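*Asks:* Generate a structure from the sequence data that follows.
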Amino acid sequence: MSTLKTTPKHFLDIDQFDTATLRTILSHASELKKAGRGHAKPLTGHTLVLIFEKSSTRTRVSFEVGMQQLGGNVVVLGSQDSQLGRGESVADTARVLSRFADAIMIRTDSHQKLEWLAEYASVPVINGLTDDSHPNQIMADVMTFEEHRGPIEGKTIAWVGDGNNVAASWLHAAVKFNFKFNIATPQEFRLPDHLIEWANSEDGDITITNIAENAVTGADCVVTDTWVSMGDDDERDKRLELLSPYQVNNALMAGAKSEALFMHCLPAHRGEEVTDTVIDGKQSVVWDEAENRLHAQKGILAYCLDVL
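*Replies:* Residues are numbered from 1 along each chain as shown. Next up is the predicted model:
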């Protein structure tokens, strides 16, 4: 493995990119999807290390399959497989893995840990999820919306529920892709002020409310996520009580446009944040959304490893 100093092309957060670069990644993702398994394998001989400090279904499978379809190899490190869990510093881990692999994806709690990994790695680092953001998911979501409804620019996306890491990345995307973003959350679970301030400073079209019905009015897409994420179990009862008015059900969807899509990054807690009739209904595109994690991440891998 070469030790020459280069500037890695990380993929940490959507707000760090210009729109043209994000568009290039999504365009390539769409091309790869259309080509199916017959596309070129530009990452033959490359290795991706996946670090999972939080469990995963979609992130793990989509990155493993995507890297393999691009011709590359994958090494998976669970929470018990890495010395990170036994006291080794993030900096030392980054330096060592950079000598073995061509890229690193990490799914973790601390966003600072992701940033430290990127700071000390000499290969690209990809954000597979932190407590602050989930950019791969939203790249797949934008791709899914545009497959069904055309350009997302100028459209209205409504977020209903917990102002969590997925909502934060939707906010980033709203500014970069120039769509209106309505956010309905309880005051206790609203997005951090610094995110709203950033969006406003970038002239984002953002509306904050604590009334779900107001957020979905005229929306082209309604999005939610689980109310009790990993690490939130100790306050489950409180969350369910405060978030119950934000359930996405038939009555709430009726307030959006008649052709509005429904999205959820999964896993879903049916009967809590969304009803069966919505997630299994004709407006739901959650399975296309899940599949597009594979294709969007192939585009991200191609960008990070400079084979676009």
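
*Asks:* any idea how far Glu235 is from the spatially most central residue of the chain?
*Replies:* Most central in the chain under CA atoms, centre = their mean is Gln137, positioned 2.5 Å from the mean C-alpha point. Using CB to CB, to the nearest Å, Gln137 is found at 23 Å from Glu235. Where C-beta positions appear, they are placed from N, C-alpha and C, glycine not excepted.

*Asks:* now the stretch 101-250 of the chain, which segments are flagged as low pLDDT?
*Replies:* 230-232 (pLDDT under 70).

*Asks:* For it, just list every one of the helices.
*Replies:* Secondary structure of the stretch 101-250 of the chain by DSSP state H, counting those that start in this stretch: the helices cover 111-120, 135-149, 165-177, 193-201, 212-216, 236-243, 250-253.

*Asks:* Contact partners for the closest residue to Ser169 other than its chain neighbours?
*Replies:* Nearest residue to Ser169 in three dimensions, chain neighbours excluded: Ile138, at 4.2 Å (CB to CB, 6 or more residues apart in numbering). Contacts for Ile138 were tallied using CB atoms under 8 Å, 6 or more residues apart in numbering; they are Ile14, Val166, Ser169, Trp170, His172, Ala173.

*Asks:* Can you lay out the helices of the stretch 101-250 of the chain as CSV showing distance to Val61?
*Replies:* Formatted as CSV, the helices of the stretch 101-250 of the chain follow (distance: least, CB to CB, whole Å):
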stretch, distance to Val61
helix 111-120, 21
helix 135-149, 13
helix 165-177, 18
helix 193-201, 30
helix 212-216, 31
helix 236-243, 27
helix 250-253, 29
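
*Asks:* sorry, back to before: tell me which two in the contacts of Ile138 are the farthest apart.
*Replies:* Ile14 and Val166 (11.7 Å; CB to CB).

*Asks:* State the distance from Ala167 to Val75.
*Replies:* From Ala167 to Val75 the distance is 32 Å (CB to CB).

*Asks:* More neighbours: the two, which one.
*Replies:* The residue with more neighbours, out of Ala167 and Val75, is Ala167; 25 against 15, by other CB atoms under 10 Å.

*Asks:* Just to check, Ser82 is in contact with Val75?
*Replies:* No: Ser82 is beyond contact range of Val75, at 10.7 Å (criterion: CB atoms under 8 Å).

*Asks:* Quick one: end-to-end distance for stretch 261-271.
*Replies:* Start-to-end span of stretch 261-271 (CA to CA, to the nearest Å) is 19 Å.

*Asks:* Would you mind listing the outside residues contacting that stretch?
*Replies:* 57-58, 134, 137, 141, 144-145, 148-149, 166, 220-228, 248, 253, 273-274, 276, 278-279, 281, 283-286, 289-290.

*Asks:* What are the buried residues along it?
*Replies:* Leu261, Phe262, Met263, His264, Cys265, Leu266, Ala268 (16 or more other CB atoms under 10 Å).

*Asks:* The helix or strand where Val96 lies: how far from the chain's middle?
*Replies:* According to DSSP states H and E, Val96 maps onto helix 90-100. Distance, stretch centre to chain centre, for helix 90-100: 24 Å (CA atoms, centre = their mean, to the nearest Å).

*Asks:* now do stretch 256-266
*Replies:* For stretch 256-266, the distance to the chain centre is 17 Å (CA atoms, centre = their mean).

*Asks:* State the distance from Val179 to Leu22.
*Replies:* No Val there; residue 179 is Phe. Phe179 is 13 Å from Leu22, by CB to CB.

*Asks:* Also Ser133?
*Replies:* From Ser133 to Leu22 the distance is 14 Å (CB to CB).

*Asks:* cool, and His39?
*Replies:* 21 Å.

*Asks:* more crowded one of the two?
*Replies:* Leu22 (20 against 15).

*Asks:* Now that one: closest residue in space that isn't a chain neighbour?
*Replies:* Per CB to CB, 6+ apart, closest to Leu22 is Lys176, 5.8 Å.

*Asks:* just checking, Lys41 is part of a strand?
*Replies:* No: using DSSP: H, G, I helix; E, B strand; the rest coil, the assignment for Lys41 is coil, not a strand.

*Asks:* pLDDT score for it?
*Replies:* Here the pLDDT value assigned to Lys41 is 96.

*Asks:* Next, the contact list for it, please.
*Replies:* Lys41 neighbours (CB under 8 Å, 6+ apart): Gln69, Leu70, Gly71.

*Asks:* How about Ala199?
*Replies:* Leu171, Ala174, Val175, Phe181, Ile206.

*Asks:* hmm, try it at 6 Å
*Replies:* Leu171, Val175, Ile206 (CB atoms under 6 Å, 6 or more residues apart in numbering).

*Asks:* out of those, which is most surrounded?
*Replies:* Ranking these using other CB under 10 Å puts Leu171 first, with 26 neighbours.
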